[in-house]
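Novice: sequence plus predicted model, see below.
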There are 2 protein chains.
Amino acid sequence: MKLVIGNRNYSSWSLRAWLYLTESKLPFEEIYLPLDTPEWAAEIDKYSPARRVPVLIDDDLSVWDTAAIFEYLLEEYPQAVGWPHNRRARAHARSISAEMHSGFIALRDELPQNLRQRHPLPLASLSPTCQAQIRRIQAIWRDCYQRYAGPWLFGEFSVADVMYTPVALRFLTYSIPLDNDVKIFQDAVRHLPSVKRFLAAARAEKESLPFIDALIGQADNPLTLG
Amino acid sequence: MKLVIGNRNYSSWSLRAWLYLTESKLPFEEIYLPLDTPEWAAEIDKYSPARRVPVLIDDDLSVWDTAAIFEYLLEEYPQAVGWPHNRRARAHARSISAEMHSGFIALRDELPQNLRQRHPLPLASLSPTCQAQIRRIQAIWRDCYQRYAGPWLFGEFSVADVMYTPVALRFLTYSIPLDNDVKIFQDAVRHLPSVKRFLAAARAEKESLPFIDALIGQADNPLTLG
């Protein structure tokens, strides 16, 4: 299989698809197409009629949009990271995953993924909608930890954890304060070896996107996962 | 089962969930919670921690976000509208459905669902991003009709048709010109008896949302599906 990804530093959907394949222990080759570059312009149409990353290429079949990639892999490869087995937990995991897939637009705009940097942003500088979305994400995590044992949202690592990994890392980049009872998720994410590997690769990237870096400013204040 | 929906006239996700249950011939009771009303404010938290519609209530279990509702029902009820059976068609249907679920933000903003009205909007009045999204949707439909027989996107009615039904109706509301070879989808949608029934119910609603109706103006120019 091949996975076409954008900048690891900025593309949260690339991170999700990469993490899903990696945690599923499915071998794949990365095709790196950094956004807003001549390579992107020359090659994206070859891989994606939607002109978006990630795209999974499995032999002669191409699957795009991360949610479709997960469901496709789950059907084809029994070892792929799955949904919780319990019916109630599965319906819950699907609900919060679809909520992330279709929403949180203000949070995406105001706290864009920028993995390799740390740049504290005061909550008050964010729009009321974005602040409400930060509270909603913590409420989602809290609800999981009140029902399931942790350390992942539904106990064992599942699709839902992949969906919420990038937002846990955005909260580190911008030092968004989290309630103690939900930090468990962010801690689980930051200590995952595959996440550390992805961050190291993001750091090694030479490309940058000025409209996202503008939010961070000039200071080089690298994010460490600990 | 119960389905909590918002205004049929404006809520495209309510339309999708309603249509899915109806075409699946699954009996359900509607709970109508019109947006921006005192009922909404008083009741939405009872049904939806995400404060969004639709929500499916199946006995003591609640499932939200339309994409999760589809997958939940598909697992629980074998008669539910499904994905295409062929592996390649299924991966394709999942890809375009996820693309609709996560994207087309400009189109949603600039051409909000307003089922009961017809208000021609010149293409040139839309942003270049929205115009590109209109072209992308037609390219998605064209690609389907070049590979599958019609009248639905993958031959038989599937989840993908439910996902694209509201956009076909938005194109009617705003008289967006479509290429002849893809009108087949819009024609299939406008002649579906369940869609006609939903439109009649939308027309009977007394509530209106001024920020959406402002786009339409004062004239009463009802949409007829033919």
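Specialist: On my side now, so go ahead.
Novice: who's in contact with the one residue sitting closest to the centre of chain A?
Specialist: Central residue of chain A (C-alpha atoms, centre = their mean): A:Pro166, 3.2 Å from the mean position. For A:Pro166, the contact set (C-beta atoms under 8 Å, 6 or more residues apart in numbering or on different chains) comprises A:12, A:15-16, A:113. C-beta here means a position set from N, CA and C on the backbone, and glycine is covered the same way.
Novice: kindly report the residues of chain A close to chain B.
Specialist: Contact residues (C-beta under 8 Å from any C-beta of the partner chain) of chain A with chain B: A:49-50, A:52, A:61-68, A:71-72, A:75, A:87-88, A:90-91, A:94-95, A:97-99, A:101-103, A:105, A:136, A:139-140, A:143.
Novice: next step: those residues restricted to helices.
Specialist: Counted as lying in helices by DSSP state H, out of the residues of chain A next to chain B, are A:66-68, A:71-72, A:75, A:87-88, A:90-91, A:94-95, A:97-99, A:101-102, A:105, A:136, A:139-140, A:143.
Novice: which among these count as buried?
Specialist: Neighbour-count burial within these applies to A:66-68, A:71-72, A:90-91, A:94-95, A:97-99, A:101-102, A:136, A:140; the criterion is 16 or more other C-beta atoms under 10 Å in any protein chain shown.
Novice: which members of those are the farthest-apart pair?
Specialist: Spatially, the most separated pair among those is A:Tyr72 and A:Arg136, at 28.6 Å (C-beta to C-beta).
Novice: distance of the most far-flung residue of chain A relative to its centre relative to A:Ser24?
Specialist: What lies farthest from the middle of chain A is A:Asp60; by C-alpha atoms, centre = their mean that is 26.4 Å. Relative to A:Ser24, A:Asp60 is positioned 21 Å away (C-beta to C-beta, to the nearest Å).
Novice: what angle do the one helix or strand A:Met163 maps to and helix A:87-102 make?
Specialist: Applying DSSP states H and E as the criterion places A:Met163 in helix A:159-173. Here helix A:159-173 runs at an angle of 50 degrees relative to helix A:87-102 (axes from the mean of the first three to the mean of the last three C-alpha atoms, to 10 degrees).
Novice: got the CA positions of helix A:159-173 in PDB?
Specialist: Extracted in PDB, the C-alpha atoms of helix A:159-173 (Å, rounded to 0.1, in the frame of the first residue of the first chain):
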ATOM      1  CA  VAL A 159     -10.400   4.600  15.800                       C
ATOM      2  CA  ALA A 160     -11.700   7.200  18.200                       C
ATOM      3  CA  ASP A 161      -8.200   7.800  19.600                       C
ATOM      4  CA  VAL A 162      -6.800   8.300  16.200                       C
ATOM      5  CA  MET A 163      -9.500  10.900  15.400                       C
ATOM      6  CA  TYR A 164      -8.600  12.900  18.600                       C
ATOM      7  CA  THR A 165      -4.800  12.600  18.500                       C
ATOM      8  CA  PRO A 166      -4.200  15.700  16.400                       C
ATOM      9  CA  VAL A 167      -6.300  17.900  18.700                       C
ATOM     10  CA  ALA A 168      -4.400  16.700  21.800                       C
ATOM     11  CA  LEU A 169      -1.200  17.800  20.000                       C
ATOM     12  CA  ARG A 170      -2.700  21.200  19.000                       C
ATOM     13  CA  PHE A 171      -3.500  21.800  22.700                       C
ATOM     14  CA  LEU A 172       0.200  21.200  23.400                       C
ATOM     15  CA  THR A 173       1.400  23.500  20.600                       C
END
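Novice: only the buried residues of the next helix or strand after it, if you could.
Specialist: Going down the chain from helix A:159-173, the next helix or strand is helix A:183-190, by DSSP H and E. By 16+ other C-beta under 10 Å, the buried positions in helix A:183-190 come out as A:183-186, A:188-190.
Novice: wasn't A:Asn114 part of a helix?
Specialist: No: assessed with DSSP: H, G, I helix; E, B strand; the rest coil, A:Asn114 is coil; it does not lie in a helix.
Novice: neighbours of it, how many?
Specialist: By other C-beta atoms under 10 Å in any protein chain shown, 23 other residues sit near A:Asn114.
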